[in-house]
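need coordinates for the following:
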Amino acid sequence: MRIHLIAIGGAAMHNLAIALKLNGHHVTGSDDQIFEPSRSRLADHGLLPETMGWDPARISGDLDAIILGMHAREDNPELLKAQELELMVSSYPEFIHQQSLEKERVVIGGSHGKTTITSMILHVLKKLGRDFDYLVGAQIEGFDTMVRLSDAPVIILEGDEYLSSPIDRRPKFHLYDPHIALLSGIAWDHINVFPTFENYLEQFEIFLDRMMDNGVLAFCAADEQLDETVHEYGQHLDQRPYETPEYVVENGMTYIVRGDEKIAVHVFGEHNLQNLMGAMEVCLALGVEEDEFFEAIADFKGAARRLEEIGRNDQTVVYKDFAHSPSKLSATTKAVKDQWPDRHLVACMELHTFSSLTKEFLLEYAHTMDAADTAIVFFKEETIVHKRLEPISKDDVRAAFQREDLEVFTVSEELKARLLKIDYANSNLLMMSSGNFGGIDVDRFADQVLT
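You can find the predicted model right below:
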């Protein structure tokens, strides 16, 4: 097939492009800007566009498929040319679904933990020698790409609730039609698309209502909103609830308790342990035995930027995490404190997303960093201007978090200087952002902290 990807530089899009080329298709793409690591990975596979920008001349009638990424706009010149030629234009979730019609489809959804749960399932299936395709939202150790499409009988899909493309306003997870699904929780997000909690909640109601009769649904019963929603909209499903397992923490290591046995796991915190139990329910539905699952999951160390340890010495561990929404921020901060209760916790997060920088939504962050001993928030005033949002002040942030000792920074160098002044003896540092703190290389910064 001849396939062209508009906005090829996105995380999922560039991995899809690589997967398609590895499958023998003729793949081209375009974008107006491509950042690392997408840029290098596309270049390594001969897929980096020769020039940046949009060019209608790239679109012709001999293309078999056009895949439109979310980064493009509705008036994109290449999209307009494709529409003029009446060519089929698909979002990437729509294309993935078309390629998996003959497979058993597993969809992992929810407001948090999707990437971690999907990664756990992939790790276990790979260790057990199963053949499967997948789409996951982060790079995982042992996997070359975030997307695989083959003739495997099963596909594991991370199902985001965000929109599919600029011209397809359906949430991605509505398009996959799963045989087996998991929902991790429901916590309001993406207010630029779902301006009220009711709008957001409705997407999960639709997802449940559309699932096939007797489809398997694993869900976190510890989430009251999700439990209530499943009870109302999931009566036609084979329900598999899961909760936090019994566990103990000893010397910074978490053990799951199964009868008289204690199983060491590298993930920690209640949410991650719930994620692990959800992954197990999905694996059981795929025919994995419980003992096989625990043996395979024991050496799982997590997905990139999901409570990822990036450095340690005898007295300090530095973690980075993708956490940015209130529920993720609260769960991640608490997880690190619970794992190391006797250590001082310095937690630093960046307000970076549209939702987090919106004054109304900012109030959702109340008490989300209370588990930290030292709590620091960073935001760039330029980002607020770029997103065309109402300005917020440092006082607005302190009031929203409802923590008088909260430290707030808007200049990256001042943030770095403050963090480097801290004595990290018997202390841990947690850096949380979906951005980069105004240009801080967090991995290198961890080395500075530790030395």
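
return the backbone torsion pair for residue 318.
Residue 318 has phi and psi values of phi -110, psi 130 when expressed as degrees, to the nearest 10.

beta partners for it?
Beta-bridge partners recorded for residue 318 (DSSP bridges): residue 311, residue 429.

what about the closest residue to residue 170 other than its chain neighbours, which SS state?
Distance criterion C-beta to C-beta, 6 or more residues apart in numbering; nearest residue to residue 170, sequence neighbours excluded, is residue 164 at 5.4 Å. To be clear about C-beta, it is placed using only N, CA and C from the backbone, and glycine gets the same treatment. Here residue 164 is recorded as strand under DSSP: H, G, I helix; E, B strand; the rest coil.

number of nearby residues for residue 367?
Counted with other C-beta atoms under 10 Å, the neighbours of residue 367 add up to 11.

show me where the stretch 201-350 of the chain has its helices.
Secondary structure of the stretch 201-350 of the chain (DSSP state H, counting those that start in this stretch): helices located at 224-233, 270-285, 290-297, 326-339.

what average pLDDT does the second one get?
Predicted confidence along helix 270-285 averages 96 (mean pLDDT).

from the rest of the structure, what touches it?
Contact with helix 270-285 is made by 106, 108, 112-113, 116-117, 120-121, 124-125, 180, 182, 184, 216, 218-220, 222, 240, 242-245, 247, 254, 256, 265, 267, 290, 293-294, 297, 307, 331-332, 334-335, 338, as judged by C-beta atoms under 8 Å, 6 or more residues apart in numbering.

hmm, try it at 7 Å
For helix 270-285, contacts defined as C-beta atoms under 7 Å, 6 or more residues apart in numbering pick out 106, 112-113, 116-117, 120-121, 124, 180, 182, 184, 216, 218, 220, 222, 240, 242-245, 247, 265, 267, 290, 293, 297, 307, 331, 335.

quick check on the residues you listed: which are buried?
When the contacts of helix 270-285 are checked for burial by 16 or more other C-beta atoms under 10 Å, the buried set is 106, 112-113, 116-117, 120-121, 124, 180, 182, 184, 216, 218, 220, 222, 240, 242, 244-245, 247, 265, 267, 293, 297, 307, 331, 335.

who's residue 216 bridged to?
Residue 216 has these beta-bridge partners by DSSP bridges: residue 180, residue 238.

surely it meets residue 183?
No - counting by C-beta atoms under 7 Å, residue 216 does not reach residue 183; the two are 11.8 Å apart.

residue contacts, the most centrally placed residue in the chain?
Taking C-alpha atoms, centre = their mean, the centroid of the chain lies closest to residue 115, which sits 4.7 Å from it. Residue 115 is in contact with 136-138, 158, 303, 306, counting by C-beta under 7 Å, 6+ apart.
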